[in-house]
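1. Sequence first, predicted coordinates after that:
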Amino acid sequence: MRLVLTAAIFGLAAQVAPANAQILSESDQAFVCRAAIAEIMGRPIGIIEAERRGDVFWTTYIRPDDGTRWTNVCRLDGDNIVWASVNDGEIGRWRTDPLDGEVIFVLDDAGVTITEEFSDGSSASDMFVRD
């Protein structure tokens, strides 16, 4: 990933950001997180809700098959999506290990494409239109 380095004018602090980083509105971030969880969990985006809490989005949905409630957390890091399951209100393991693979997104005016790149080299992708 190409990086852009921006130094503060009076100089000791610097910020490193991905070159393709976008500044997304809160609603766009929520949409991307909803789409990511839909792709990862194999669920329709329409049943997934997202709420910002601090620097992460909490997503919830009721699984139609059995009526159970599922909760995950999601944060965006450049064009990467990092997520974790939530059990009994406690955030589980963030999916950041190389064996977890990678979840990336491309957002445009029509919607968002979520791609899961698995550690075995395979991938899965889906496009979600804006609601």
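-> Nice, thanks for sending it over.

2. Name the SS class of the residue lying closest to residue 36 once chain neighbours are set aside, please.
-> In this structure, residue 36 finds its nearest non-sequential neighbour in residue 81, 4.4 Å apart by C-beta to C-beta, 6 or more residues apart in numbering. Every C-beta, even on glycine, is put in place using the N, C-alpha and C of the backbone. Three-state assignment for residue 81 (DSSP: H, G, I helix; E, B strand; the rest coil): strand.

3. who's residue 86 bridged to?
-> Legend: beta-bridge partners of residue 86 under DSSP bridges are residue 71, residue 91.

4. Tell me how far it lies from residue 115.
-> 24 Å (C-beta to C-beta, to the nearest Å).

5. Please identify which of these two sits among more neighbours.
-> More crowded of residue 86 and residue 115, by other C-beta atoms under 10 Å: residue 115, with 18 against 15.

6. contact partners of the host helix or strand of that one?
-> Remark: residue 115 resides in strand 111-117, with elements defined by DSSP states H and E. For strand 111-117, contacts defined as C-beta atoms under 8 Å, 6 or more residues apart in numbering pick out 31-32, 35-36, 38-40, 81, 101-106, 123-130.

7. same question, stretch 89-109
-> 22, 24, 28, 31-32, 35-36, 39-40, 73, 76, 79-86, 112-119.

8. Give me the buried entries from those residues.
-> 31-32, 35-36, 39-40, 73, 76, 79, 81-84, 112-116 (16 or more other C-beta atoms under 10 Å).

9. Mind jotting down where the helices sit in the chain?
-> Using DSSP state H, the helices of the chain run over 26-41.

10. what residue is smack in the middle of it?
-> Nearest to the mean C-alpha position of the chain, by C-alpha atoms, centre = their mean, lies residue 81 at 3.3 Å.

11. Now do the same contact list for that residue.
-> Residue 81 sits next to 32, 33, 36, 74, 75, 103, 104, 105, 114 when contact means C-beta under 8 Å, 6+ apart.

12. mind listing what residue 72 touches?
-> Shown in contact with residue 72 (C-beta under 8 Å, 6+ apart): 37, 41, 58, 59, 83, 84, 85, 86.

13. nearest spatial neighbour of residue 47, skipping sequence neighbours?
-> Nearest residue to residue 47 in three dimensions, chain neighbours excluded: residue 61, at 4.6 Å (C-beta to C-beta, 6+ apart).
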